[in-house]
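> Quick one: sequence and predicted model below, then my questions.
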Amino acid sequence: MSDLVPSPADSVAAAPARTRRVAAQRVREARDRLTSSSGTRPAFDHELLRQYAQTRMSASLVVILLVVATGALSSLWLPMLYAGIWTCGILAIHAVVIRLCSRFMNLPPAPATTRRWRHRFVALDLLYGLGWTLILVHPSGVDVVSNTLMLFLMLLVVAVSSMLAASLPIAAFASTIPVTAAIALNFVLRGTLDAYILAALAVAAECYFALLAHRLHSTTLATLEARAEKDALIGELEQAKAISDEARHRAEAANVSKSRFLAQMSHELRTPLNAILGFSEVMKSEIFGSHAVAVYKDYSADIHNSGVHLLNLINEILDLSRIEAGRYELNEEPFSLVHVVADCHHLLKLRASSRGITIHEVFEDEMPKLWGDERATRQIVLNLLSNAIKFTPQGGEIWLKSGWTASGGQYLSVKDTGSGIPEDEIPIVLASFGQGSNSIKSAEQGAGLGLPIAKNLIDMHGGTFTLKSKLRIGTEVIITFPPERVMAALAPMPEGPPLQPDQLDMSDERSRPRGRPIMNAGTGL
């Protein structure tokens, strides 16, 4: 049996949808970059500024300790008053930065507001860097602090500023470039080889920390983009789920409406159909006398046969609708699969003989009974056998086989020497109302419900349905019942109460008080 696989049309339809989704994402990203002043999405600009503000606020104590320690150390080569004024000035700038960061954290995202606050932070970082320049470049002619100490302080300030402003690279450059430029220029103006080397080291350190800040900014931006894509994907999944739920509700409502329509129409159709069958049977049998014209008898037979065909078609449609709606209930009881197959063979034997078709029976002996729906099994066998007779040519052969499966169940095989079914049409004939090319060309066309009904009924029994066919060779349909439905494999029922009460102990008869009845029927005592 061939498995149902997605049709090429589904894959072709999915490709344009995927292409449209990718194109829409690219257009959205390009629009966001055009409307952003930093080249990223406006939402990313706000998030980067928020991370900048959070970093400055979380590292506030570290910056205060660095400023106080530098101010105390600078008192060794500067007047105490000048060092104190510088310390207070830098702490004031830092306090303003922290205050503005706290205010920015409470603001809603807006492109114009984000752009204005970015300019403020860049200006404050530039002022912060110029303040550090004043303390690190000591007055000319005063050689109290060694070159190594100056370079160490410069590296420390540049490293801290670069890490704090990594989310905003422009602010990092504004706070570090003035310090590095002043220190390098101070070394160059000394005119010694050692000073030139220290100036080169200062510039190299600035480049290194700038590259490090850029890498941190890229990593942060990539994290934000990944989070945005995840949020967008979650939104699309939720939207798709909502659409799917709505479609499922509509499908369920349509299915209920279809079931109601079929139930109502079955009643409306069967009422006049029963009259047509009854009157046509009377006319065909000539109960009230022979027809004046002999051809009327043939017309009556055609009317009766057409009515029977229409009634069978209505019954098949109703059975399929009940199965699809899950309202088909199995009336389970013990039955013999071999006897059911033999009865169906007897019913259709005259039809097969009229076409010159020979039906062979190959049954294993002493097959135990099955536990299932005998009527449903009989319908399965009739559908399979009638299909085999319909598509088997004159003088063909059909084999009915029944026996044990390898797992201990029972199987039924219906094999014919008909025209066969192309491999690509097997999923079609197993679908509701599906018909293959041979069925369409055949003079005996049906509704395409025999195989789907048989497959659904055997699935309800927990069995399997296998269809094998080769073009111009024949078709074989195999149905299997699981071992759990074989009566020999069923566990015995637990012992129930005895069918008859135990005999009364006559020894207790003497001890029973006189005047009390033996049984109190209807009294509840």
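Looks like it arrived, so ask away. Keep in mind that what you see is a predicted model, and the values were worked out from it rather than measured.
> From here on, just use CA atoms for contacts and neighbour counts.
Noted.
> Could I get the full set of strands for the stretch 201-350 of the chain?
With DSSP state E, counting those that start in this stretch as the criterion, the stretch 201-350 of the chain has strands at 332-335.
> Now do the helices in it.
In the stretch 201-350 of the chain, the helices defined using DSSP state H, counting those that start in this stretch lie at 295-324, 337-354.
> just checking, what packs against the strand or helix carrying Trp371?
Using DSSP states H and E, Trp371 maps to strand 370-373. If contacts are counted by 3 or more CA pairs under 8 Å, 6 or more residues apart in numbering; DSSP states H and E, strand 370-373 sits against strand 332-335.
> May I see the buried residues of the strand it packs on?
Residues Phe335 are the ones in strand 332-335 that count as buried (16 or more other CA atoms under 10 Å).
> Describe which strands that strand pairs with in its sheet and in which direction.
Next to strand 332-335 in the sheet, as set by DSSP bridges, lie strand 370-373 (antiparallel).
> State the mean pLDDT of the partner strand.
In this model, strand 370-373 carries a mean pLDDT of 92.
> Stretch 483-494 now?
Mean pLDDT, stretch 483-494: 72.
> Could you do stretch 66-84 as well?
Mean pLDDT, stretch 66-84: 85.
> Flag every buried residue along it.
Val67, Val68, Thr70, Gly71, Ser74, Leu78, Ala83, Gly84.
> just the residues you listed now: which is nearest Gly235?
Val67 (47.0 Å; CA to CA).
> Do I have it right that that closest one meets Cys88?
No: in this structure, Val67 is not within contact of Cys88 by CA atoms under 8 Å, at 9.1 Å.
> Which of the three states applies to Thr55?
Following DSSP: H, G, I helix; E, B strand; the rest coil, the label given to Thr55 is helix.
> per-residue confidence for the residue nearest to Ser175 when sequence neighbours are not counted?
Using CA to CA, 6 or more residues apart in numbering and skipping residues adjacent in sequence, the residue nearest Ser175 is Gly129, 4.1 Å away. With respect to pLDDT, Gly129 scores 88.
> Check Asn331 too.
Asn331 carries a pLDDT value of 87.
> List the beta-bridge partners for the nearest residue to it once chain neighbours are set aside.
Excluding the flanking residues, the one nearest Asn331 by CA to CA, 6+ apart is Asp373, at 5.0 Å. Residues in a beta bridge with Asp373, per DSSP bridges, are Glu332.
> what about His309, how many neighbours?
Residues lying near His309 (other CA atoms under 10 Å) number 13.
> Could you do Ile98 as well?
A count of nearby residues for Ile98, using other CA under 10 Å, gives 19.
> Would you check that it makes contact with Thr55?
No: at 10.1 Å, Ile98 does not count as touching Thr55 under the criterion of CA under 8 Å.
> buried sites along stretch 478-492?
Neighbour-count burial for stretch 478-492 flags Ile478, Ile479, Thr480, Phe481, Pro482, Pro483, Arg485, Val486, Met487 (criterion: 16+ other CA under 10 Å).
> Can you redo those as CSV, where the extra columns are distance to Asp319?
Output for the buried residues of stretch 478-492, formatted as CSV (distance: CA to CA, whole Å):
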residue, distance to Asp319
Ile478, 22
Ile479, 19
Thr480, 21
Phe481, 21
Pro482, 23
Pro483, 26
Arg485, 23
Val486, 26
Met487, 27
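> Out of these, which comes closest to Ser407?
Nearest to Ser407 among those, counting by CA to CA, is Pro483 at 6.7 Å.
> show me the contacts for the residue nearest to Asn331.
Counting by CA atoms under 8 Å, 6 or more residues apart in numbering, Asp373 makes contact with Leu330, Asn331, Glu332, Glu333.
> Distance check, it against Glu246.
According to CA to CA, to the nearest Å, Asp373 stands 37 Å off from Glu246.
> did I read that right, Leu412 in a helix?
No: under three-state DSSP, Leu412 sits outside any helix and is assigned strand.
> immediately after the helix or strand hosting Leu467, which helix or strand?
Element membership of Leu467 [criterion: DSSP H and E] is strand 464-470. Where DSSP H and E defines the elements, the next helix or strand beyond strand 464-470 is strand 474-481.
> what sits up against that next one?
Outside strand 474-481, the residues within contact range by CA under 8 Å, 6+ apart are 384, 405, 409-421, 458, 461-469.
> Can I get it in PDB? Just the C-alpha atoms.
Taking Å, rounded to 0.1, in the frame of the first residue of the first chain, the C-alpha atoms of strand 474-481 are listed here in PDB:
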ATOM      1  CA  GLY A 474      -4.100  -7.300 -11.300                       C
ATOM      2  CA  THR A 475      -4.900  -6.000  -7.900                       C
ATOM      3  CA  GLU A 476      -4.700  -7.500  -4.400                       C
ATOM      4  CA  VAL A 477      -6.300  -6.100  -1.300                       C
ATOM      5  CA  ILE A 478      -5.200  -7.500   2.100                       C
ATOM      6  CA  ILE A 479      -7.000  -6.700   5.300                       C
ATOM      7  CA  THR A 480      -5.800  -8.000   8.700                       C
ATOM      8  CA  PHE A 481      -7.400  -8.200  12.100                       C
END
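> and that strand with strand 464-470, angle?
Interaxial angle, strand 474-481 versus strand 464-470 (axes from the mean of the first three to the mean of the last three CA atoms, to 10 degrees): 170 degrees.
> Listing partners with orientation, what would you give for strand 474-481?
Sheet pairing for strand 474-481, using DSSP bridges, gives strand 410-416 (antiparallel), strand 464-470 (antiparallel).
> got the buried residues for the last one?
Using 16+ other CA under 10 Å as the test for burial, strand 464-470 gives Thr464, Phe465, Leu467, Lys468, Ser469.
> Same list (the residues you listed) but as a markdown table, adding distance to Ala213 and pLDDT.
Below are those laid out as a markdown table (distance: CA to CA, whole Å; pLDDT from 0 to 100):
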| residue | distance to Ala213 | pLDDT |
| --- | --- | --- |
| Thr464 | 66 | 94 |
| Phe465 | 67 | 94 |
| Leu467 | 68 | 92 |
| Lys468 | 68 | 91 |
| Ser469 | 70 | 89 |
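> can you tell me how far the residue nearest to Asn331 sits from Asp245?
35 Å.
> Point out where this protein drops to low pLDDT.
Within the chain, the stretches with pLDDT under 70 are 1-43, 138-146, 259, 262-263, 266-267, 324-327, 432-434, 436-448, 489-525.
> Can you tell me the element the residue nearest to Ser175 falls in?
Assigned by DSSP H and E, Gly129 falls in helix 111-136.
> number of nearby residues for Leu127?
Look at Leu127: counted by other CA under 10 Å, it has 17 neighbours.
> Contact partners for it?
Residues counted as contacts of Leu127 (CA under 8 Å, 6+ apart) are Ile93, Ser175.
> and the gap between it and Ile177?
12 Å.
> Equivalent analysis for Glu206, please.
Distance, Glu206 to Ile177, using CA to CA: 7 Å.
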